[in-house]
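[1] what's the 3D shape of this:
(chains A and B)
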Number of protein chains: 2
Amino acid sequence: MRSSTGVKTSTPLVVSKASELRQVVAAWRQQHLTVGLVPTMGALHAGHASLIRAAAAENDRTVVSIFVNPLQFGAGEDFESYPRPFEKDRQLARELGAAAIYAPSPGEMYRPGAATRVRVSGLSDVLEGVSRPGHFEGVATVVAKLFNASRPDRAYFGQKDAQQVAVVRRLASDLDTGIEIRVCPIVRDVDGLALSSRNAYLNTEEREAALALSRALRSANSAFLKGERDPGQLRRLLQDTLREEPRANVDYADVVDPVDFAGPGQLAVLAVRIGRTRLIDNHQLGEPFAAALSG
Amino acid sequence: MRSSTGVKTSTPLVVSKASELRQVVAAWRQQHLTVGLVPTMGALHAGHASLIRAAAAENDRTVVSIFVNPLQFGAGEDFESYPRPFEKDRQLARELGAAAIYAPSPGEMYRPGAATRVRVSGLSDVLEGVSRPGHFEGVATVVAKLFNASRPDRAYFGQKDAQQVAVVRRLASDLDTGIEIRVCPIVRDVDGLALSSRNAYLNTEEREAALALSRALRSANSAFLKGERDPGQLRRLLQDTLREEPRANVDYADVVDPVDFAGPGQLAVLAVRIGRTRLIDNHQLGEPFAAALSG
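    Predicted coordinates:
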C-alpha cells in the first residue's frame, strides 16, 4: 500500500524476540525474498534514513533494528540519557520502507547467564578502542547476534562510524556470515556538522564549536588535494585547526588506513569533546565532501 | 540410492569453502529441507557414527564437517600428530548418510588478517579451560563459523566432551543462532573405555591403564546410587580409584554442575594423562552406564 506521496505506509511488524524475527525472515525466505538489515540505536536522523532507503532499494524486505546496546557503552558514558524516541523512529522507519522493526529489550537481548562475547582484536584496540575500552566488543557481540537473528543478505552501516565499519567488515568475513556489508556516506548538516543522535546534546554555543570537526577535515583535505602527503603534516593540520576552537577538547586526530586503522593512511579520523558531548567524524582524504542537507 | 544393506551410498559432496557450503545449504532450503550439522575433527569412530546417524535420522540433509582446528590446540599439544584419515572418514560419513562433507583447509578457515574470536566466559575458565588455556575460545570460534557457514536446524555433539557441550549450548543461545543443540551419549568400548580419536595413541599397557577412568566413574556412580551425596566424598572416590593405577596422572577429577561446570553438582568429570596421552571422561551420577559396543 502506497500513500499519495509514493511512500510505503503499511505498518511494519514490530518484533521483540530473536525467535520471532527468525520466523518472520524464514517466511520471507520461503518466498525467495531478499533481506536487508539496518542496525541502529534509534533516535533516527537523515543519516539513518539514507541507510534504510538504500536497504529498501536493494532488498525485497528491510529489517531495522532499534536497540540501545548497553554493552557498547562504558562506565560514565551516556547509556541512560541516550535519546529513545521509539514512536517517532517507528513511524520514520515505516515511511522509509522497513518491513519489520526489531526492538528487543535489554533483558531479552542479554538474558540471565549470558556469557558469550565476540571480539575483533587489533582493530578494537586503537583510537576509539583506546578511548572507549570494551566498546567494540559490545558492538561486535550485538552485531553477531543481530546477524544471527535476521540472517540478512546485506547489512547497512554508516561511514560516520568508520572504525565500527572496519570492525563489522572484519567480523562478517572472519565468522563466515556470508553477509554483504554495505556502507553509506556520512550525511552532513548544511553547516558541515556530521549528523549524529548525540548532536541533540549540544547547546547553541557548543553546536557552533562542533563545526571545528568538519573544518579540520576540510583543511586536511585541501592540503591533501594540493599534494600534501606527509602524515605528520596532515595530522598537525587537523590538530591545529581543532586547537583554534577553545571549546574543543581533542581526544584523537589522526590519519590512518581505513581497513586496519593503523597508520599511516588516507582516512582522517577525529574524536573531540565539546562540553560533555563526545563527537566523532572522519573523511577519506582526496574525496569530495558529501553534499550537505538542504536547510 | 541404497545398497543391499540399506545404507545410503550416494557420494556426498565434498566442499572446502564456506561460500560453497552456504550455496549448497541455500539450495536445500529452497526445497524446504531441514539440515543437521555434525562438527568433527575427523578420525571418525563409533561415537561420531552415532552423531551422524542421529543427524541423518532427524534431518533431511546432514553436513559432516571435518576440520582439525589449530585454534583449539595449545602449544605442545598434538595438533601435528592428530590422525587425519580423510578418505576413510569420507567413506564412513557417506555410509552413515551424510549429504555433504565440509573440509576446509586451515588457510581457508583462518584467512590472513583474521582477527575475530568468540569467547564464553566463566565456563571456559575452569577444568578443561585451566588445563588447556585458549582451548574453548578456539572451539567457540570455529563452532560459530561452522554454524554460519551451514546454518543448520540442529547441530550434534557428543557428551564425551561435556564441557564443550556446555560451551556450545551457551554460545548457541547467547548469540541467537536459533540452532537446536543435540547431544548424544558417550559410546564406550566393551571394556568401558570411552571412544576417542586419541585412544589410537595408547600402547597395550597404556590402553589397560586407561580403564582406570571408567572404573573411577563407575565407583563414584555406585556410591551415588547407594545414597552418597557428599561432593567431597564422591570426588575422593574418583581420585582414590585413579590413584590405584600407577600409570594414571590425574589432571582433575571433580563433581560439578553440567550447565555451569561449577561445583557442586552431579556430573563426575575426569582428565587423566596416561603416558603422553591426555584422556577425558565423564558420567552423570545416578544414570546407568551406556550400553557398550559389542566386541
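
[2] Which pLDDT value belongs to residue A:12?
    Residue A:12 is assigned 73 on the pLDDT scale.

[3] Any part of stretch A:181-201 near chain B?
    No: for stretch A:181-201 and chain B, the contact criterion (Cβ under 8 Å from any Cβ of the partner chain) is not met; the two come no nearer than 13.5 Å. For every residue, glycine as well, the C-beta is placed using N, CA and C.

[4] for that stretch, which positions count as buried?
    Neighbour-count burial for stretch A:181-201 flags A:181-184, A:186-189, A:192-199, A:201 (criterion: 16 or more other Cβ atoms under 10 Å in any protein chain shown).

[5] what distance separates the start and the end of that stretch?
    End-to-end distance of stretch A:181-201: 30 Å, with Cα to Cα, to the nearest Å as the criterion.

[6] What average pLDDT does it get?
    Model confidence over stretch A:181-201, given as mean pLDDT, is 96.

[7] cool, and stretch A:268-282?
    Taken as a whole, stretch A:268-282 has a mean pLDDT of 97.

[8] ok, now which ones touch residue A:196?
    For residue A:196, the contact set (Cβ atoms under 8 Å, 6 or more residues apart in numbering or on different chains) comprises A:45, A:47, A:160, A:279-280.

[9] is the one helix or strand residue A:168 maps to up against chain B anywhere?
    The secondary structure element spanning residue A:168 is helix A:162-174 (assigned by DSSP states H and E). Yes: under the criterion of Cβ under 8 Å from any Cβ, chain B is reached by helix A:162-174 at A:170-171, A:173-174.

[10] And for stretch A:96-109?
    No: no part of stretch A:96-109 sits close enough to chain B to count as contact by Cβ under 8 Å from any Cβ; the gap is at least 8.5 Å.

[11] so how far does that stretch reach from one end to the other?
    Termini of stretch A:96-109 sit 25 Å apart (Cα to Cα).

[12] Buried residues, it. List them.
    Of the residues in stretch A:96-109, those buried under the neighbour-count criterion (16+ other Cβ under 10 Å) are A:96-104, A:109.

[13] Stretch A:237-245 now?
    Neighbour-count burial for stretch A:237-245, counted by 16+ other Cβ under 10 Å, picks out A:237-239, A:241-242, A:245.

[14] ok, which stretches of chain A are strands?
    Along chain A, counting by DSSP state E, strands occupy A:13-15, A:35-40, A:61-66, A:100-102, A:116-120, A:154-158, A:180-184, A:248-256, A:267-274, A:277-284.

[15] Residue A:233: which of the ones you listed is closest?
    Closest approach to residue A:233 among the strands of chain A is made by strand A:248-256 (9.4 Å; Cβ to Cβ).

[16] tell me the angle of the closest one relative to helix A:162-174?
    Relative orientation of strand A:248-256 with respect to helix A:162-174: 40 degrees, computed using axes from the mean of the first three to the mean of the last three Cα atoms, to 10 degrees.

[17] what does strand A:248-256 rub up against?
    Under the criterion Cβ under 8 Å, 6+ apart, external residues in contact with strand A:248-256 comprise A:127, A:130-131, A:209, A:212-213, A:216, A:220, A:231, A:234-235, A:238-239, A:242-243, A:262-274, A:278, A:285.

[18] Quickly note the distance from residue A:29 to chain B.
    In this structure, residue A:29 and chain B are separated by 7 Å, where distance is defined by Cβ to the nearest Cβ, to the nearest Å.

[19] between the residues of helix A:162-174 next to chain B, which is nearest chain B?
    Chain B has its nearest neighbour among the residues of helix A:162-174 next to chain B in residue A:174, at 3.6 Å by Cβ to the nearest Cβ.

[20] Just give the number of residues close to the closest residue to the closest one other than its chain neighbours.
    Taking Cβ to Cβ, 6 or more residues apart in numbering or on different chains, and ignoring the residues beside it in sequence, residue A:174 has residue B:116 as its nearest neighbour in space, at 3.6 Å. Residue B:116: 23 surrounding residues under other Cβ atoms under 10 Å in any protein chain shown.

[21] Likewise for the one 4 residues further on?
    A count of neighbours around residue B:120, defined by other Cβ under 10 Å, yields 24.

[22] Next, work out how far apart the closest residue to residue A:59 other than its chain neighbours and chain B are.
    With sequence-adjacent residues excluded and distances taken as Cβ to Cβ, 6+ apart, residue A:59 is closest to residue A:36, at 3.5 Å. Look at residue A:36 and chain B: by Cβ to the nearest Cβ, they are 17 Å apart.

[23] mind listing what residue A:36 touches?
    Residue A:36 makes contacts with A:54-56, A:58-59, A:61-63, A:152-156, A:182, as judged by Cβ under 8 Å, 6+ apart.

[24] if we can go back for a sec, most neighbours among the residues of helix A:162-174 next to chain B, which one is it?
    Using other Cβ under 10 Å as the neighbour definition, the residues of helix A:162-174 next to chain B reach their maximum at residue A:171, which records 26 neighbours.

[25] Run through the bridge partners of the closest residue to residue A:198 other than its chain neighbours.
    Sequence neighbours aside, residue A:277 is the residue nearest to residue A:198 in space, at 5.7 Å (criterion: Cβ to Cβ, 6+ apart). Note on residue A:277: beta-bridge partners residue A:274, judged by DSSP bridges.

[26] All set now, cheers.
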